[in-house]
Structure formats: C-alpha cells, structure tokens
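A.B. asks: quick one, fold the following:
(one chain, ligands or ions: 2)
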Amino acid sequence: MTRLEQLGWTSERAAALASVDAGGGLIPGRVGLEHNHVFRVLTEDREWLAETAGRIKHEAAGRHELPAVGDWVAIRPDPQGARAVIKAVLPRHSWFSRKSAGRETTEQVVAANVDTALIVFGLDKGVNARAIERYLVVAQRSQARPVLVLNKADLVEQIEGPLGEARAAAGATPVHAVSSRTGAGVHELERYLQAGSTVALLGPSGAGKSSIVNRLVGAEVLPTGEVRPWDARGRHTSVHRQLVRREAGGVIIDTPGMRELQLWDPEGGIAETFPDLEALGETCRFRDCRHHREPGCAVKAAVESGELDRGRYESFLKLQAEQEEIDRRRQELEHQGGKRKRRTT
Ligand code: GDP
Ligand code: ZN
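C.D. replies: Numbers count the residues shown, from 1 in each chain. Ligands and ions are numbered 1, 2, ... in the order given. So this is what the prediction gives:
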C-alpha cells in the first residue's frame, strides 16, 4: 500500500484528479493542517506548504468551496521546492461544516472526507439523550458514519444503566463505553481505523477527545505546541497536527472547528435521527405537518398518550426551529446576493 493509499487515496480520487489535470503536472495530496490560509499538504513522498490558487478563490461560490483539513487536493509543486499551489479541491464524499463567525451566515468546512465520526461524551456528566441526538443530527448530515463513544467509564460503577440510556437515544448507531485513562475499551475503536479510513472526533469540550486521540495514536502523536519553522518570513509558530496518520492504520482528524460545531445543512439529518417521528408523521392530517401547532397531528397525539417521549419530542422541535432559522437567514442572504448581482450586470 502506498503512503497516499494509507491516507485514503482511491481509484475514484485518481479519476477525479485526472479530470482536473488536463495538462499534467499536478500531484495529489491531502490537507493535514490549515494555518492562516496556508495549508500543509501531505503527498506520497513529502509534505508541502501550499496556498490556494487565485482562480479557486475568485470562482468559489462561498467559503465552503475552499480547501479544508481532510480535503484531497491537486497541487502544482514549486520547482525550487518552496511553496506549492493548490489548483483544485477534489470532490468530497463527506464534510462537516459550521456557520462561520460573524453576522453573515456563511458555511465553513472544518473537516472533509471523514468516514467515521466518533461522537465523544464523558460519563462524568451522566447521559444527556438530547445532546446525543443533536450530535447525531450533525453527523448524519455530514455523510460520515456516526459512532457514539462514552468515555470516562472508569468513573462509573454500574455501566449498564447509562449504556442503556445512551443506546435508547442512539438507535442503530453503535455505542462504545471506554476509558482513555485506563485504556479499557479503546482498542474497540481501532476497528474504525483501517488503513485508508478516516475518523474524526466531535463532542463537548472536556469529554476526553484529545485523550482518546493520544491513546489511539500512542507514542506516535506529536506533542501539541510543537515549534516548527512555518512561513516564508521565517516566523516560528507553534502548531499541532489537525490530521494524523497512524502507523498502525487509519487517519484521525481533530480540528478546533469540529469542537464548536453548529448545525448547518438543512437537508436530512433530523429525519434520520428521528425515524420514529417520521413514521408517526405519516398519519398526520397535513402532509407538511411540522408537528407543532397543526391540528390532527399524530406526533403530538403520541406524546399525549405517552407512546412518544416528551423530551425527545421537544428536542425535535428545538432542532427543527433552529434549522428553520438557518434556512431563513440563508434565503435572506441569497436574496441579497441576487440583488447585488443584478445591480452589477
Ligand atoms: P477534550 O476537551 O474533549 O479534548 O478533553 P480532554 O482529552 O482534554 O480531557 C478532559 C479532561 O478529562 C482531562 O482532565 C482528562 O484528564 C480527563 N479525562 C479524559 N479521559 C478520561 C477518562 O477516561 N477517565 C477520567 N477519569 N478522566 C478522563
Ligand atoms: Zn404532525
């Protein structure tokens, strides 16, 4: 297996590269780190510092079309061996994005091409079914396969209770109880780290994500805050990896952006996380019932009869409202963008 294949390179990606490299001379690589719009790109035989080609920046419909950690890119290496240029971002099979900071709703990709999303919670905080549902919605949307990890199992005497509660909220999603402190159960997570596969971690701060990464990567992990020469001006900046390739197989993505993820994409996600509500909704009086104030709502009836858990229903309403707010702001922006365009033509 080549180094690129260990990073997740496939024949589909090779075909995608060929289609953007009509003239030849581009080489494939995976973005391992972003820092002030400079990217560290891992290729077959080395790492390059690369900047995004002006053309990509000008033609991008939004920030989400710019390179992100985990992306496969086509770079033109500099003949003198200095900085390379990212000429194309190859199509993503999954991605996590968030609303970027500021008043404008813009989408920013924080991790791309993730196969498995490890959603980590600490058992020291008990099991929060609503928070689990929230993160599951985010993961479902990304197209990555979610896995629920209950960390700090060493702090719990009777694991069966919390495990049962978490399983009820997680539905078909696999659930693992682990302790990154003792190492118990952590090896079970290695099944998601086959050579060429990519795992990313998300979950509330303090749940133990960094500790799990350290366990999984073992002595291979680079110390955080490592000092390395960074940019052409010779400035030294402490950086730590956002994408790590394990010697034992697999790639782990742990970016700061993943840690403050907010809901983004309006398509899907909620439906997959609440299949029980979807099924009940089939018999609502109105086809487009939002299960809120509509008469003849089968979902509300199920809550009243106790068939559907009220907390779960309220969680659904909250997520739906949040989504509608994002959709509304997005439409507003599109509307404004359209006006601006018309004015300039
Ligand atoms: P992150 O914010 O999700 O990356 O969490 P960290 O990995 O920084 O861990 C947060 C805190 O929880 C640290 O003080 C860790 O030592 C502690 N911690 C992490 N994993 C475990 C565990 O399995 N058991 C116990 N008891 N503490 C843990
Ligand atoms: Zn309804």
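A.B. asks: got phi/psi on Tyr152?
C.D. replies: For the record, residue 152 is Lys, not Tyr. Lys152 has phi and psi values of phi 70, psi 30 when expressed as degrees, to the nearest 10.
A.B. asks: Val127 is in contact with that one, correct?
C.D. replies: No. Counting by Cβ atoms under 8 Å, Lys152 sits too far from Val127 to count as a contact (11.8 Å). Any C-beta I mention is one placed from the backbone N, CA and C, and that applies to glycine too.
A.B. asks: just the buried positions in stretch 171-190, please.
C.D. replies: Using 16 or more other Cβ atoms under 10 Å as the test for burial, stretch 171-190 gives Gly171, Thr173, Val175, His176, Ala177, Val178, Ser179, Ser180, Gly185, Val186, Leu189.
A.B. asks: which one of these is nearest to ligand 2?
C.D. replies: Checking the buried residues of stretch 171-190 against ligand 2 by Cβ to the ion gives Gly171 as the nearest, at 20.2 Å.
A.B. asks: where does the closest one land on pLDDT?
C.D. replies: Looking at Gly171, its pLDDT stands at 89.
A.B. asks: how about Trp264?
C.D. replies: 48.
A.B. asks: ditto for Glu34
C.D. replies: pLDDT, Glu34: 89.
A.B. asks: close to ligand 1: what parts of the stretch 201-345 of the chain are there?
C.D. replies: Selection of the stretch 201-345 of the chain residues close to ligand 1 by Cβ under 6 Å from any ligand atom yields Ser205, Gly206, Ala207, Gly208, Lys209, Ser210, Ser211.
A.B. asks: how distant is stretch 39-53 from the center of its chain?
C.D. replies: Centroid separation between stretch 39-53 and its chain, computed with Cα atoms, centre = their mean, to the nearest Å, is 21 Å.
A.B. asks: got the buried residues for it?
C.D. replies: For stretch 39-53, by 16+ other Cβ under 10 Å, it's Phe39, Arg40, Val41, Leu42, Thr43, Trp48, Leu49, Ala50, Thr52, Ala53.
A.B. asks: kindly reformat the residues you listed as a markdown table containing pLDDT and distance to ligand 1.
C.D. replies: Converted to a markdown table, the buried residues of stretch 39-53 look like this (pLDDT from 0 to 100; distance: Cβ to the nearest ligand atom, whole Å):
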| residue | pLDDT | distance to ligand 1 |
| --- | --- | --- |
| Phe39 | 94 | 24 |
| Arg40 | 94 | 21 |
| Val41 | 96 | 26 |
| Leu42 | 95 | 23 |
| Thr43 | 95 | 29 |
| Trp48 | 94 | 29 |
| Leu49 | 94 | 27 |
| Ala50 | 96 | 28 |
| Thr52 | 95 | 29 |
| Ala53 | 94 | 34 |
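A.B. asks: from the middle of its chain, how far away would stretch 310-322 be?
C.D. replies: 22 Å.
A.B. asks: packing partners of the helix or strand where Val244 lies?
C.D. replies: Using DSSP states H and E, Val244 sits in strand 243-245. Applying 3 or more Cβ pairs under 8 Å, 6 or more residues apart in numbering; DSSP states H and E, we find strand 243-245 packed against strand 27-35, strand 251-253.
A.B. asks: so which of the ones you listed is the most surrounded?
C.D. replies: Comparing the helices and strands packed on strand 243-245 by mean neighbour count (mean count of other Cβ atoms under 10 Å), strand 251-253 comes out on top with a mean of 25.
A.B. asks: and that one, which strands flank it?
C.D. replies: strand 198-202 (parallel), strand 243-245 (antiparallel) (DSSP bridges).
A.B. asks: which one of these lies nearest to Glu34?
C.D. replies: Among those, strand 243-245 comes nearest to Glu34, with 9.9 Å by Cβ to Cβ.
A.B. asks: now that closest one: buried residues?
C.D. replies: Neighbour counts over strand 243-245 (16+ other Cβ under 10 Å) mark Leu243, Val244, Arg245 as buried.
A.B. asks: what's it in contact with?
C.D. replies: 6-7, 30-33, 42, 69-70, 213, 217, 220-222, 251-255 (Cβ atoms under 8 Å, 6 or more residues apart in numbering).
A.B. asks: repeat that for 6 Å
C.D. replies: The set of residues external to strand 243-245 that reach it, using Cβ atoms under 6 Å, 6 or more residues apart in numbering, is Gly32, Val69, Val217, Val251, Ile252, Ile253.
A.B. asks: ok, for the first one, nearest residue in space, not its chain neighbours?
C.D. replies: Translated: Gly32. Leu243 (4.2 Å; Cβ to Cβ, 6 or more residues apart in numbering).
A.B. asks: so how far is ligand 2 from that neighbour?
C.D. replies: 43 Å (Cβ to the ion, to the nearest Å).
A.B. asks: one step back: now the buried residues of stretch 171-190 in JSON lines, with distance to Glu165 and secondary structure?
C.D. replies: Putting those into JSON lines (distance: Cβ to Cβ, whole Å; DSSP: H, G, I helix; E, B strand; the rest coil) gives the following:
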{"residue": "Gly171", "distance to Glu165": "13", "secondary structure": "coil"}
{"residue": "Thr173", "distance to Glu165": "14", "secondary structure": "coil"}
{"residue": "Val175", "distance to Glu165": "10", "secondary structure": "strand"}
{"residue": "His176", "distance to Glu165": "15", "secondary structure": "strand"}
{"residue": "Ala177", "distance to Glu165": "12", "secondary structure": "strand"}
{"residue": "Val178", "distance to Glu165": "17", "secondary structure": "coil"}
{"residue": "Ser179", "distance to Glu165": "18", "secondary structure": "coil"}
{"residue": "Ser180", "distance to Glu165": "21", "secondary structure": "coil"}
{"residue": "Gly185", "distance to Glu165": "18", "secondary structure": "coil"}
{"residue": "Val186", "distance to Glu165": "22", "secondary structure": "helix"}
{"residue": "Leu189", "distance to Glu165": "21", "secondary structure": "helix"}
